[in-house]
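Undergrad: model the following, please.
(chains A, B, C and D)
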2 protein chains.
Amino acid sequence: MTETDIHTIHKKFFNIVKLTVELEKTPRHFGTDELLTSTEIRLIEAIGDNGETDSVTELANLLGVTKGAVSQNLKKTEKRGLTTKDEDPENLSRSIVGLTSKGKTAYYAHKHWHETMDGGFKYYFTEMNQAQLDFLHEVLSKIETFLKSAMQ
Amino acid sequence: MTETDIHTIHKKFFNIVKLTVELEKTPRHFGTDELLTSTEIRLIEAIGDNGETDSVTELANLLGVTKGAVSQNLKKTEKRGLTTKDEDPENLSRSIVGLTSKGKTAYYAHKHWHETMDGGFKYYFTEMNQAQLDFLHEVLSKIETFLKSAMQ
DNA sequence: TCAAAAGTGTATAGTATCTATACTCTAAAT
DNA sequence: ATTTAGAGTATAGATACTATACACTTTTGA
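TA: Modelled structure (predicted):
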């Protein structure tokens, strides 16, 4: 094992952050003929995760954006045949957002993609012993705490 | 030390990525009266790093965007009194981009901010022994390789 | 009960950041 | 000398938001 310095680790860390963001942002098909941006697949993910029972406002809160933003994005995904929007029979001012079959395909393909990604990511941890896992956890916790404090 | 599972580490890791991106994106003053976005401070950083000798095209290549994007952003920072643009006396079709005193203030304040941040980040590694540093380096390298392969 | 208040979704203008195209210059090449 | 290449810019369009204003429905409370 070659000796490494702190600077190399620091650089590697930020490169990983950069790669993760890039990977997340890359538009993909997710089993459909539509190229879905990260915003679109995150919307579809949020709709499917609650069993297609959420309203526009609820989705906005889940996604951390305004309801106007969700409304705009839903208009686009609806036009592309991915999502649906129906009046809530128990509350006519509310809409229930759902997925079409194409939307469901994307939802499950994305879930599968995530499982594969997470599996590949986690693979490198399975070889570790408990002491190593605990060490890694401690390091990450300290970095996390530091970043949180830096954000005020 | 409490025992940790892989899932916790995985979650922590992605939270750190999220926090890092947020921290980077937060607009700051950097010692001036102007609130500078990440795009603006990255532009100022690129200008200053080469001693204010770069052209628009060179900055675009450094930043990984089109020259049109740099041209647009320079127009805004110039209007706000942060950057300058002068004809290259040796090539009249080329412009040399520089910093005003306000721009220089932001440049150095940003440098200092980065040093503080990096210092805080690296602090957690100084307590480690060589075996721990090597272990961390190995883990990060594997993750980096995995992410690169996932990007095609 | 019924008017005010609160909540739901949407339209629209505006912001930020980028690309792509077209254009005007200037410089270089043959 | 004229074509070609390069530099910078203007502008339109894409993406993804926020903020405001609005119409409509529901809840509330006197």
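Undergrad: which residues of chain A lie near DNA strand C?
TA: For chain A, the residues in contact with DNA strand C (Cβ under 7 Å from any atom of the strand) are A:55-58, A:67-68, A:71-72, A:74-75, A:85, A:88, A:93-95. Using the backbone N, CA and C atoms, a C-beta is placed for each residue, glycine as well.
Undergrad: let's see 10 Å
TA: Contact residues, chain A versus DNA strand C (Cβ under 10 Å from any atom of the strand): A:54-61, A:66-75, A:78, A:85-88, A:91-97.
Undergrad: filter the residues you listed down to the buried ones and hand me the ChimeraX line.
TA: Filtering the residues of chain A next to DNA strand C down to the buried ones (16 or more other Cβ atoms under 10 Å in any protein chain shown) takes a single ChimeraX command:
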select /A:54,55,56,58,59,60,69,70,73,74,95,96,97
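Undergrad: helices - which of the residues of chain A next to DNA strand C land there?
TA: Applying DSSP state H to the residues of chain A next to DNA strand C, the entries found in helices are A:56-61, A:67-75, A:78.
Undergrad: can you dump the C-alpha coordinates of stretch A:7-26 into CSV?
TA: Output of stretch A:7-26 as CSV, limited to C-alpha atoms (Å, rounded to 0.1, in the frame of the first residue of the first chain):
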residue,chain,number,x,y,z
HIS,A,7,-4.3,16.6,0.0
THR,A,8,-4.8,13.6,-2.3
ILE,A,9,-7.7,12.4,-0.1
HIS,A,10,-9.2,15.9,-0.2
LYS,A,11,-9.0,16.1,-3.9
LYS,A,12,-10.5,12.6,-4.4
PHE,A,13,-13.3,13.5,-2.2
PHE,A,14,-14.3,16.5,-4.2
ASN,A,15,-14.0,14.6,-7.4
ILE,A,16,-16.4,12.0,-6.1
VAL,A,17,-18.8,14.8,-5.2
LYS,A,18,-18.5,16.2,-8.7
LEU,A,19,-19.0,12.7,-10.3
THR,A,20,-22.0,12.0,-8.2
VAL,A,21,-23.7,15.2,-9.2
GLU,A,22,-22.9,14.6,-12.8
LEU,A,23,-24.3,11.1,-12.7
GLU,A,24,-27.4,12.3,-11.0
LYS,A,25,-28.0,15.1,-13.6
THR,A,26,-27.5,12.9,-16.7
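Undergrad: chain center to that stretch: distance?
TA: Distance of stretch A:7-26 from its chain centroid, counting by Cα atoms, centre = their mean, to the nearest Å, is 17 Å.
Undergrad: check stretch A:53-63 too.
TA: 15 Å.
Undergrad: does chain B sit close to that stretch?
TA: No - counting by Cβ under 8 Å from any Cβ of the partner chain, chain B is not contacted by stretch A:53-63; separation bottoms out at 13.8 Å.
Undergrad: ditto for stretch A:133-147
TA: Yes - for stretch A:133-147, a contact with chain B is found by Cβ under 8 Å from any Cβ, at A:133-144, A:146-147.
Undergrad: which among these count as buried?
TA: A:133-137, A:139-141, A:143, A:146-147.
Undergrad: with secondary structure and pLDDT as extra columns, can I get the residues you listed in JSON lines?
TA: Formatted as JSON lines, those follow (DSSP: H, G, I helix; E, B strand; the rest coil; pLDDT from 0 to 100):
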{"residue": "A:133", "secondary structure": "helix", "pLDDT": "93"}
{"residue": "A:134", "secondary structure": "helix", "pLDDT": "93"}
{"residue": "A:135", "secondary structure": "helix", "pLDDT": "93"}
{"residue": "A:136", "secondary structure": "helix", "pLDDT": "92"}
{"residue": "A:137", "secondary structure": "helix", "pLDDT": "93"}
{"residue": "A:139", "secondary structure": "helix", "pLDDT": "92"}
{"residue": "A:140", "secondary structure": "helix", "pLDDT": "93"}
{"residue": "A:141", "secondary structure": "helix", "pLDDT": "93"}
{"residue": "A:143", "secondary structure": "helix", "pLDDT": "92"}
{"residue": "A:146", "secondary structure": "helix", "pLDDT": "91"}
{"residue": "A:147", "secondary structure": "helix", "pLDDT": "91"}
